[in-house]
Structures are given as structure tokens and as C-alpha cells.
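Q: using only what follows, build the 3D model:
(2 chains, ligands or ions: 1)
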Amino acid sequence: MNAVALDIQKIRQDFPILHQEVHGYPLVYLDSAATSQKPKSVIEALSRYYLETNANVHRGIHTLSELATSQFEATRSHVAHFIGGVANEEVIYTRGTTESINLVAQAWGDLNIQTGDRIVITEMEHHANFVPWLRLAKRKNAEIVYIPITGDGLLDLAEAEKLITPNTKLVAFTHMSNVLGTINPVGALTELAHKQGALVMVDGAQSVPHLQVDVHELDVDFYAFSAHKMLGPTGVGILYGKQQHLEAMEPYQTGGEMIHMVSFTDVSWADLPWKFEAGTPNIGDVVAFKSALDYLDEISMESIRQHEIEITQYAMDSLKATGVITIYGPEDVSLRGGAVSFVVDGVHSHDLSTILDTQGVAIRAGHHCAQPLHSRLGVNSTSRASFYIYNTLDEVDRLVDAILQARRYFVRG
Amino acid sequence: MSVDNNLDDLYREIILEHYHDPHGRHEIHDADIRNEGKNPLCGDELALEIKLSNGEVEDIAVRCQGCAISVASGSMLTDAVKGKSLEEVKSISTKIKGMLKGEALPEDFDPEDLEALQGIRQFPVRIKCALLAWATLENGIKDYEAGKKETLNNITITSTEE
Ligand SMILES: Cc1ncc(COP(=O)(O)O)c(C=O)c1O
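A: Below you'll find the predicted structure:
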């Protein structure tokens, strides 16, 4: 499918939440990297599920249970197709990216990381793809090393090649940085890892909502993302894993739903993917997630990317033109997504976001769950504006105006 | 577009003055009380040092890397506690923390510049910014008093994180 220009005004009609005033100003929502807004179709699917279908899955032999099960599994097929046509067995439901990564750190890490092994991650990781590995390394007496970033916020591939040694068992990195916006070269890093016999875990929380992702083509071993950043409900995440790895892993949690047979003395695990889905899952939100995927398919990921390149370029140009703003991350928009972090000279990010909020502009301030990266950048905190399908260039103007107001407020004389 | 009136409550002129030119940013090398505070949610960091003389605060320094509210609060703190006994300091801290949480100040207590921090109540998410300096102060005193039994001039560096 070719990229056609998004009809943003038409899209905005599908997002009721955007049509409200905050402190007397029309809301400008620039925090989609934290969580995206949801179209009416997703909200309606959620309520329809509870109004018409609600029942537990994989259990009852009654009509509603069968309906709920088929809707629950239909989302799985759609996800499998959405990320490049993988097998349904390779798509595990979790609570979110964080749980997907923790699942791998425990269920794969416990079996496969030993004393003296090396885990390679990067300086730009979100805590979700940082802390589980640090903890695993400590638990196993393994070594953890960090691929450094360059001055323009890219991963240093020459260093990566040196750091990924024969004793490396895992290379974990984000596909797109939630702070710098950097889109990492997944294919190249995966090749480096596989050459040394290491597996690859990719944090796709920021990439799947914004880019066409084909996990087969990328050849990664594990890939994690969250529904709530891609128009879906909160509380649903996906772990993709190559079948051979998932087969070899022990379950993450045990209980109902994930067993094949249990006797007083023995137990055998259910087949994939249910082996990793203990207990009653988040059925309603999973069912509604399918409507989010339908929505993204309808407007096409190519068109989304096109729109985000345009708005990101416009935002970076406008912010830079003020002469008082430092932007972090790559300058070249073809190497980055629409999360733009910056510091305004003379205005702390916390004060900035309070002042912007009083003008209806919602951005994020702080370390964005990436403290090590911020210490690497040499700042305590940054401000971040992030864009999605419903954001307009006018909203970028509102952002820049509000920043200049804030600066006049703080920097006098 | 004009900036909201509320904002003028939060960022009162006196707060901006303290922010732009904070008091007590020096270092005290022979401090009796030393503590570092950190607000893990936003990354603000604060170092506090007190030199005591006859049980009173002879000198106090606060160096804060943070937003206007946390910097101004720390600067005002240095003015408020200088020359006071530790008991008086603790009592002031209790009153200011109460004020930030919406309690009325006692009639006979003059908060001076600190009164300007009252506007923060309209911005609940920012109250913790103003509290950072006071929490760091209280923890520092607590550690000092706990350690005093064993050695005088015990220097404790702790963090308010967690
Ligand atoms: C890059 C990245 N990784 C992981 C996460 C964690 O996602 P979640 O909170 O949905 O588990 C986020 C979002 O907060 C993120 O931006």
C-alpha cells in the first residue's frame, strides 16, 4: 500500500477526548508516547464486549464462552498478521511491554544465563528494558554492558560490534527510543548478535505504533509492545517469541488456563501460546484491541509514518527557530520517530509543563523512565512532546507559542 | 494568549526572585549535618549542609538542581532556619509542611517569604517540589540526632529516595 496523506481532521472526529477544553483552551495532546488516545471504535468495542459477550475464555461449553474465546483469539491472529505474519503460537498476551520483557528475563533468562555470561543492552533503554536485565545479571553473577550512544543520539555500532562478544547470550535494545526518538538498526544489531550465538530481545513499545514492523524480516528472537500506545486499551501487551525459544522455556506463571494435565503428583504444560497465559486474562481489553488494529490497518502504517515525518520535521524546525531550545536525538527525521525531547534555556522542564498545562498543552516532563540515559546526556530532566495520527501542525504552533510565553515569564530583563 | 492568573499564584514574584538568585548556595566544609535529597519522580536533587554552634544553626547551605519551586523553597528555607535551635527548626518545618498541605498557620508564626509558597496548593502535583528541601532537612536532623549518641560531629549522607 502506498502512503496517502492522512485526513487529520477526519481522524480527529474519531477521538472524542480531543474535543475538550483544558483551563479554558482547546486541548493539545502531545503525550502519545506515554499513552495514545483511543478512537470511538475501540471504546465501543470494549463496551459492546461487556454488554453482549462477556464470559470466561477456553472454559465454558456455552455460547457466550465460545464467542468470547473466538473474539479473544481473533485478536491474536490479527496481531500475528500485523507484525509480519508470524504463527499464532508465537504471540503471547501480557499486561504490557514491561511484563513481556520480565517474562523473557525470567522464563528464558533463568535457564539460559549463567555466571560469566554477558548481557548487552544500550544506554538509551527505558527502565522496562533495563532493570529486568540488571536484576537478572546480578542474580546470575553475569556481566551487563551498555552500547554507548553517539553525540547525535544514535547507537555506536562500532562499539556494539566490540561489546557483542562470544560469551554474549543476549542483546536487548529498543527499536525506537522514547526519549531521543532514535530508530535503531534492528537488522544490523541482530546480525551482530546472531553471529556470536546470542539471542535478541527488542523493545517495540515506541515502534509498533508508528512503523511497519515485520519481525520475520528483522529476524529477532523476542519482540515486545503495548496496546495502549497504539490506540488500544491499557492492560494488554504482546510478547512475540520464536516458537523454538518459547517451546524450550519454562512457564512464567503457573495456575489455571496454562496446564495440560494436573494430577496430585505431576503437571504438564499447555501448548503455546497458552503455556504463558496463566489465569483469566484481560479478555475485554484484548477483544477491543482488535478494533485498534483495524483502525491502524485502515489508515495504513505507511501513511502514519509519512505524517509523523512531516510533523516531526516541522516541530524540530519550529523549536530550533526559537534559538533558546536544545533538542536531543538525531536531527535527520528519517532516523527518528515523533518523540521530541528538549530543554528550554532558563526554564526547568517541570515549570514548563505546568505553564503549558495552564494553556491546554499536555507534554511530559522528567526523565521519562530513562534515568541512565539522562545522566549520560548530562541533564536531570527534559521536556518531551510526542506526536501521533491526530496531531496537527497548528498544534505544534500552539506548543511553540506556549513555550515562548513560559520563557518570557521566567527569563526577564 | 495570556498566561493564567493561577500561574501568578504559583510563581509569585518573590518565588522567582529566590529562583533566580537563591540564598545559601555556598559550601560548608565543616558541616555538622549533611544530607542529600532526591525526588526520583522528576530528577530534582538537593544538597543541604548545616553548621551548628551552641545547638543553633550558625550557617546553612542548600544547593538545588531543580525547578523554580524546589529551588525557591530551598532558598527560603535557609533564611527561615538560620540562627534557630534544632527544636525551633523542626517546629518551623512542621508548620511549613502543614501549610503546603493546606493547614492554617498559627497566628503567632510569621512565615515571611515562605508564605508565597501557599499558591502551590492549587497545583497538587507540584507540592512535592516544595517539600523536597524540608524533607531533606528533617532527615538530616534525624540522622544527626540518631548518630550524636555515639560520636559528636557525626556526618551522615543519606538520600530521601525511597
Ligand atoms: C521504550 C519503552 N519501553 C517500554 C515501555 C513500557 O511500556 P508499558 O508501560 O506499557 O509496559 C515504554 C512506555 O512507557 C517505552 O516507551
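Q: taking the stretch 251-400 of chain A, what residue is nearest to the ligand?
A: In the stretch 251-400 of chain A, the residue that lies nearest the ligand is A:Cys369 (5.9 Å; C-beta to the nearest ligand atom). To be clear about C-beta, it is placed using only N, CA and C from the backbone, and glycine gets the same treatment.
Q: ugh, wrong one, chain B
A: Counting by C-beta to the nearest ligand atom, chain B gets nearest to the ligand through B:Leu41 (14.5 Å).
Q: ignoring the adjacent residues along the chain, who's closest to the residue of the stretch 251-400 of chain A closest to the ligand?
A: A:His127 (4.5 Å; C-beta to C-beta, 6 or more residues apart in numbering or on different chains).
Q: now the one you found: how far from A:Glu331?
A: 26 Å (C-beta to C-beta, to the nearest Å).
Q: quick one, which of the two is more surrounded?
A: A:His127 (16 against 11; other C-beta atoms under 10 Å in any protein chain shown).
Q: report the helix or strand with the lowest average pLDDT across chain B.
A: helix B:5-10 (a mean of 78; mean pLDDT, DSSP states H and E).
Q: then chain A?
A: strand A:259-262 (a mean of 85).
Q: strand partners (parallel or antiparallel) of that one?
A: strand A:267-269 (antiparallel) (DSSP bridges).
Q: what residues of the strand it pairs with count as buried?
A: By 16 or more other C-beta atoms under 10 Å in any protein chain shown, the buried positions in strand A:267-269 come out as A:Trp269.
Q: so what touches that strand?
A: A:251, A:254, A:258-261, A:275 (C-beta atoms under 8 Å, 6 or more residues apart in numbering or on different chains).
Q: stretch A:189-200 too?
A: Contacts for stretch A:189-200 (C-beta under 8 Å, 6+ apart): A:108, A:112, A:120, A:155, A:157, A:160-161, A:164-166, A:168-173, A:186, A:218-222, A:245.
Q: quick one, strands of chain B?
A: Secondary structure of chain B by DSSP state E: the strands cover B:33-39, B:44-53, B:56-65.
Q: just name the most buried of the ones you listed.
A: strand B:33-39 (a mean of 23; mean count of other C-beta atoms under 10 Å in any protein chain shown).
Q: so which elements touch that one?
A: strand B:44-53, helix B:127-148 (3 or more C-beta pairs under 8 Å, 6 or more residues apart in numbering or on different chains; DSSP states H and E).
Q: mind exporting the C-alpha coordinates of the least confident helix or strand of chain A to CSV?
A: Written as CSV, here are the backbone C-alpha positions of strand A:259-262 (Å, rounded to 0.1, in the frame of the first residue of the first chain):
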residue,chain,number,x,y,z
ILE,A,259,-1.8,-26.5,32.1
HIS,A,260,-2.4,-29.6,30.0
MET,A,261,-2.9,-32.2,32.8
VAL,A,262,-2.6,-31.9,36.5
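Q: related to what we said a few turns ago, can you put the helices and strands packed on strand B:33-39 in JSON lines and add mean pLDDT and distance to chain A?
A: Below are the helices and strands packed on strand B:33-39 laid out as JSON lines (pLDDT from 0 to 100; distance: least, C-beta to the nearest C-beta, whole Å):
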{"stretch": "strand B:44-53", "mean pLDDT": "94", "distance to chain A": "7"}
{"stretch": "helix B:127-148", "mean pLDDT": "91", "distance to chain A": "7"}
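Q: including distance to A:Asn178, could these go into a markdown table?
A: Below are those laid out as a markdown table (distance: least, C-beta to C-beta, whole Å):
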| stretch | distance to A:Asn178 |
| --- | --- |
| strand B:44-53 | 21 |
| helix B:127-148 | 23 |
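Q: so which of those is nearest B:Glu36?
A: Closest approach to B:Glu36 among the helices and strands packed on strand B:33-39 (C-beta to C-beta): strand B:44-53, 5.1 Å.
Q: setting aside sequence neighbours, what's the nearest residue to the residue minimising distance to the centre of chain B?
A: Nearest to the geometric centre of chain B sits B:Ala133, at 3.1 Å (C-alpha atoms, centre = their mean). Distances taken as C-beta to C-beta, 6+ apart place B:Gly74 nearest to B:Ala133, at 3.8 Å, with adjacent residues excluded.
Q: again with A:Phe173
A: A:Thr122 (4.8 Å).
Q: what do you get for A:His228?
A: A:Thr234 (4.3 Å).
Q: okay, now that neighbour: neighbour count?
A: 15.
Q: thinking again about what came up before, quick check: bridge partners of the residue nearest to A:Phe173?
A: A:Ile147.
Q: can you give me the strands for the stretch 251-400 of chain A?
A: A:259-262, A:267-269, A:325-327, A:339-344, A:361-362, A:364-366, A:382-386 (DSSP state E, counting those that start in this stretch).
Q: so which of those strands gets nearest A:Arg139?
A: Comparing the strands of the stretch 251-400 of chain A by C-beta to C-beta, strand A:267-269 comes nearest, at 23.3 Å.
Q: returning to that earlier point: identify the residues contacting the residue nearest to A:Phe173.
A: A:146-149, A:155, A:173-174, A:184.
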